[in-house]
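Q: predicted model follows, preceded by the sequence.
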Amino acid sequence: MKALISAKWLYHNLSNPNLVILDASSASRVDGGAFNFIDDTIPDARRLDLKTTFSDTASPFPNTIPPPAEFEMACRELGINRDSIIIVFDNNGIYSSPRAWWLFKVMGHKNIAVLDGGLPHWVNMGFPTTKKHLEDFERGNFKVGYDENLVMDFKTVNYNIHNRSFVLVDARSAGRFNGTAAEPRQHIRSGHIPQSVNIPYTAVLHNGRYKGKKELYAIFNNACPGARDLVFSCGSGVTACIIMLACKIGYAHSLKLYDGSWTEWATLNNLKAL
């Protein structure tokens, strides 16, 4: 299925028995800023907790991809099946939902899409909302098919600096990328991985929705002309998925992520805040 679907499509498919709607909303951005939280959700949406259940909480770095077996168990507990058609959204339009989309892709599930504009656009369209998430469902039979090739590690990214096989695209703000603005994690300094390019995640969005294909193509073609093997990065692996999805929509199919991102890179290279 398409990676991005409209509110109208979702509204007209709410009665599909294979449909699973996942609310991956976050209360705040990774930089600590708060969202204008909408205290509602889409009917029959199930809560997907990216911070705990769908992250490896034993990792020293935030938002680390969970072990495949744990992911499989968490999906079954949410009533997700092998043939489920999954639509994921968040309360900021487009923010944390692409991270959930990527996790399912890595774990081998093909039928998943992000709701363009998320909950704010759904509300603006006048579609129904509810106060509670769906909690009454049968245990699912979801099965993981983990693709380790989509998860880049520190060693691979470091090797690529001098033996370039891919272009690393960083989704952080220009200030953080250039080292002129502070990192939200105060123990590390800002800056960027050598040879990487910068496409702030805000550049691919307009009013909480993705820009059109032509605009997205121009953004990527300007930053990394001709490159098709891309790996995405950010501060901790969340906003990188926003530009990854934008790339898939308008430029190239690449689902590779440096999951540790700048937080891991700066920590392991002892780049302490000044």
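A: Noted; the coordinates are in hand.
Q: need the contact list for the residue positioned nearest the centre of the chain.
A: Central residue of the chain (C-alpha atoms, centre = their mean): Arg99, 2.0 Å from the mean position. Neighbouring residues of Arg99 by C-beta atoms under 8 Å, 6 or more residues apart in numbering: 24, 50, 63, 237-238, 241. For every residue, glycine as well, the C-beta is placed using N, CA and C.
Q: how about these in TSV, adding distance to Ala203, pLDDT and neighbour count?
A: Shown next, in TSV, are the contacts of Arg99 (distance: C-beta to C-beta, whole Å; pLDDT from 0 to 100; neighbours: other C-beta atoms under 10 Å):
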residue	distance to Ala203	pLDDT	neighbour count
Ala24	22	96	24
Leu50	23	94	19
Asn63	21	93	24
Gly237	19	97	29
Val238	16	96	23
Cys241	15	98	28
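Q: so which of these sit within helices?
A: Using DSSP state H, the subset of the contacts of Arg99 located in helices is Cys241.
Q: check the contacts of Arg99 and tell me the two furthest apart.
A: Ala24 and Gly237 (13.8 Å; C-beta to C-beta).
Q: gap between the residue nearest to the centre of the chain and Ala223?
A: As judged by C-beta to C-beta, to the nearest Å, Arg99 and Ala223 stand 21 Å apart.
Q: same deal with His192?
A: 13 Å.
Q: what is in contact with these two at once?
A: Common contacts of His192 and Ala223, defined by C-beta under 8 Å, 6+ apart, comprise Asn198.
Q: what about the residue nearest to the centre of the chain, helix or strand, and which?
A: Assigning secondary structure by DSSP states H and E places Arg99 in helix 97-106.
Q: other residues contacting whichever helix or strand comes after that helix?
A: Per DSSP H and E, helix 97-106 leads on to strand 112-115 as the next helix or strand towards the C-terminus. With C-beta under 8 Å, 6+ apart as the test, strand 112-115 has contacts from 1-7, 10, 85-89, 94, 97-98, 101, 104-105, 121-122, 245.
Q: do a quick rundown of the helices in the stretch 151-274 of the chain.
A: For the stretch 151-274 of the chain, the helices defined by DSSP state H, counting those that start in this stretch cover 154-162, 174-178, 213-223, 240-250, 261-268.
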